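Peer 1: The following block contains a protein sequence and its predicted model.
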Protein chains: 2
Amino acid sequence: MTVRLLAILGVGLVDPGTPVLRADDLGLTRGDGCFEGCRVVTGADGVSAVNKLDAHLARLSRSAAAMGIAFDEPAWRGLLNQATSAWTAPGEAAMKLLLTRGSPTGGSPTGGSPTGLVTISPLPEDYLRQRRDGIRVVTLTRGTTSDAFTDAPWLLGGVKTLSYAVNMAAHREALRRGADDVVFVSTDGHVLESAVSSVVWSSGRELNTTPVGASGILGGTTQELLFARAPAAGWRTSVLPARVADLQAAQRVWLIGTVRGPVDVIDLDGTARDRDAAVTDEVRRLCGFGP
Amino acid sequence: MTVRLLAILGVGLVDPGTPVLRADDLGLTRGDGCFEGCRVVTGADGVSAVNKLDAHLARLSRSAAAMGIAFDEPAWRGLLNQATSAWTAPGEAAMKLLLTRGSPTGGSPTGGSPTGLVTISPLPEDYLRQRRDGIRVVTLTRGTTSDAFTDAPWLLGGVKTLSYAVNMAAHREALRRGADDVVFVSTDGHVLESAVSSVVWSSGRELNTTPVGASGILGGTTQELLFARAPAAGWRTSVLPARVADLQAAQRVWLIGTVRGPVDVIDLDGTARDRDAAVTDEVRRLCGFGP
């Protein structure tokens, strides 16, 4: 059990070891729900804040709307206030917001009232190591074409659902191959995203990432923050399709996620890449990661 | 709450309304687990039996192995004995076997001890209506190519995972279009499967279904039972790729699932199809459904 704080929508704080989900909750039986992973930063005075909270709530709201699950933003903000007020351990932590369709009503697979949970856990130790040492990545097919999600909202492209079994299996495959993480590639050779991160690469002062939309890629809140701030620091930013060869040819490649922050790719499909601490530190600062 | 009986692996029977899952169980947070849906038939004497139990346990074992989750078959059989012994309501019911990776250990996304649950619920009312009236179906793209799963075990083709959010969203899309269910089609036009059923079609005394393997289709235990029994009843059986036009041209099309049984398609993408009660009854009997 890694959860150190647990709050339930409509209930409030409960003991973090408490079982909370019924056996027929559609979030469990069908992965039918959505989530956000957030970074909580707590000062020496014990005051906690959630980074980019508005962006996460906006994305959770979009995910919920795409799945037809009710999202009560004021209730969520109240619950998040309770959670952050009760969290006083200085440093960083990982927060999750989980929203499921709840239990079915009348034997039909449409849920009754949604289940909402907030958890706070310590940072994964792997993340601390990857920030320090960089990350080894392998590319794996995602099985989808790069335009598969056009006019097909039922495929839930860009929706952060609880159905991440393939992401987790791909992550295990990466570990099996001696790497730390995966970058998915479409069947027609387009770079997509990592299991839980955006892919960003640079050459000179040009920062690039892959397009959302038809590709089904989830828009990353930290990548978006980076691209919003980078121009003022002298970067050009582009959103453009890429092949694995383009990543290999780039000067720098990062995986960028909310909790892990930017980590620099030191090995791509078995090819070692040199590091540039200065530019990675700059990208980290632009993403809100110190120092 | 529709669950009428709940049993937990390692615990036994508990009150069906009891919350059972912790907030960090990977079955919830990542849809990281697998399941089976089974049909329980209970006689007037209150004695219950699970149809095709061995086939379901074999598939659950394969799903668990594909995901790297421990599966203790003797413990599951013991739990299932407890559940069926306690279930005495005459008629049919829907049983679920749910196996998740459990809660993460040490901050890493590998679970500690798996969570195992057995639930029994009433048959969905939609299923009773569809058995009687037939089913209206729309075809929708699945976003994958028909050979996407070749040499890509991390895509979990043929694995009955808990990550069914897309299946559920496609089902909602079907309802939105005035239909009852969906048949998925690959990006290159091959018929795949329904959201929770196999697709079987016939002309004359030839029964056909779509191939598992490279397509990622889940092998259906009821379809397999049908194809094992049908030759003795004078049917030829074939497993072959098909396009939507082949379904339109077939004399009969059924969706075949474990709990719903075979239901005949009365409308495919807005084109009405006539019914043949005699042949559907024959297929139902071969699948173990009365009368």
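Peer 2: Thanks, I have the structure now.
Peer 1: what pLDDT does the most centrally placed residue in chain A get?
Peer 2: Among the residues of chain A, the one closest to the centroid is residue A:196, at 4.6 Å (C-alpha atoms, centre = their mean). Per-residue pLDDT puts residue A:196 at 89.
Peer 1: repeat for residue A:242
Peer 2: Residue A:242 carries a pLDDT value of 98.
Peer 1: and if you look at residue A:2?
Peer 2: With respect to pLDDT, residue A:2 scores 85.
Peer 1: Would you mind confirming that it is in contact with residue B:112?
Peer 2: No: Residue A:2 is beyond contact range of residue B:112, at 9.8 Å (criterion: C-beta atoms under 8 Å). All C-beta spots, glycine's among them, are computed from the backbone N, C-alpha and C.
Peer 1: Do you have the helices of the stretch 101-250 of chain A handy? List them.
Peer 2: Under the criterion DSSP state H, counting those that start in this stretch, the stretch 101-250 of chain A contains helices at A:125-133, A:165-176, A:221-229, A:244-249.
Peer 1: Among those helices, which comes closest to residue A:282?
Peer 2: helix A:221-229 (10.3 Å; C-beta to C-beta).
Peer 1: Pull the distance from that closest one to the chain's centre.
Peer 2: Put simply, helix A:221-229 sits 13 Å off its chain's centre (C-alpha atoms, centre = their mean, to the nearest Å).
Peer 1: Disregarding residues adjacent in the polypeptide, which is nearest to residue A:50?
Peer 2: In space, and not counting its chain neighbours, residue A:50 is closest to residue A:38: 5.1 Å by C-beta to C-beta, 6 or more residues apart in numbering or on different chains.
Peer 1: what bridges to that neighbour?
Peer 2: For residue A:38, the beta-bridge partners under DSSP bridges are residue A:95.
Peer 1: Extract the residue ranges of chain A that are flagged as low pLDDT.
Peer 2: For chain A, the stretches flagged by pLDDT under 70 are A:1, A:106-111, A:291.
Peer 1: domains for it, by residue range?
Peer 2: Listed domain ranges for chain A are A:5-123, A:127-286 (source: automatic domain parsing).
Peer 1: looking at those domains, which is closest to residue B:85?
Peer 2: Nearest to residue B:85, of all these, is domain A:5-123, at 18.7 Å by C-beta to C-beta.
Peer 1: start to end distance for the closest one?
Peer 2: Terminal residues of domain A:5-123 are spaced 13 Å apart (C-alpha to C-alpha, to the nearest Å).
Peer 1: Run the chain-centre distance for that domain.
Peer 2: Offset of domain A:5-123 from its chain centre (C-alpha atoms, centre = their mean): 14 Å.
Peer 1: In a markdown table: the domains of chain A, plus distance to residue B:105.
Peer 2: Shown next, in a markdown table, are these (distance: least, C-beta to C-beta, whole Å):
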| stretch | distance to residue B:105 |
| --- | --- |
| domain A:5-123 | 12 |
| domain A:127-286 | 15 |
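Peer 1: Of all those, which one is nearest residue B:69?
Peer 2: If you check each of these against residue B:69 by C-beta to C-beta, domain A:127-286 wins as the nearest, at 10.7 Å.
Peer 1: rewinding a little: which ones are touching the residue nearest to residue A:50?
Peer 2: Residue A:38 is in contact with A:50, A:51, A:52, A:53, A:56, A:94, A:95, A:96, A:97, A:258, A:259, counting by C-beta atoms under 8 Å, 6 or more residues apart in numbering or on different chains.
Peer 1: Counting by contacts, list what the helix or strand harbouring the fifth one packs against.
Peer 2: Here residue A:56, judged by DSSP states H and E, is contained in helix A:53-67. In this structure, helix A:53-67 makes packing contacts with strand A:33-42, helix A:73-86, strand A:91-100, helix A:221-229, judged by 3 or more C-beta pairs under 8 Å, 6 or more residues apart in numbering or on different chains; DSSP states H and E.
Peer 1: mind listing what's buried in the following helix or strand past the first one?
Peer 2: Looking back up the chat, that one is strand A:33-42. Sequence order places strand A:48-50 as the next helix or strand after strand A:33-42, per DSSP H and E. By neighbour count with 16 or more other C-beta atoms under 10 Å in any protein chain shown, strand A:48-50 contains the buried residues A:48, A:50.
Peer 1: picking up where we left off before, what distance do you get for the residue nearest to the residue nearest to the centre of chain A when sequence neighbours are not counted to chain B?
Peer 2: Spatial nearest neighbour of residue A:196, chain neighbours left out: residue A:257 (5.6 Å); criterion: C-beta to C-beta, 6+ apart. Separation of residue A:257 from chain B (C-beta to the nearest C-beta, to the nearest Å) stands at 13 Å.
Peer 1: Residue A:125 now?
Peer 2: Distance of residue A:125 to chain B, given as C-beta to the nearest C-beta: 5 Å.
Peer 1: any idea how far residue B:246 is from that residue?
Peer 2: According to C-beta to C-beta, to the nearest Å, residue A:125 and residue B:246 sit 53 Å apart.
Peer 1: Of those two, give the one with the bigger neighbour count.
Peer 2: Under the criterion of other C-beta atoms under 10 Å in any protein chain shown, the comparison of residue A:125 against residue B:246 puts residue B:246 first, with 16 against 11.
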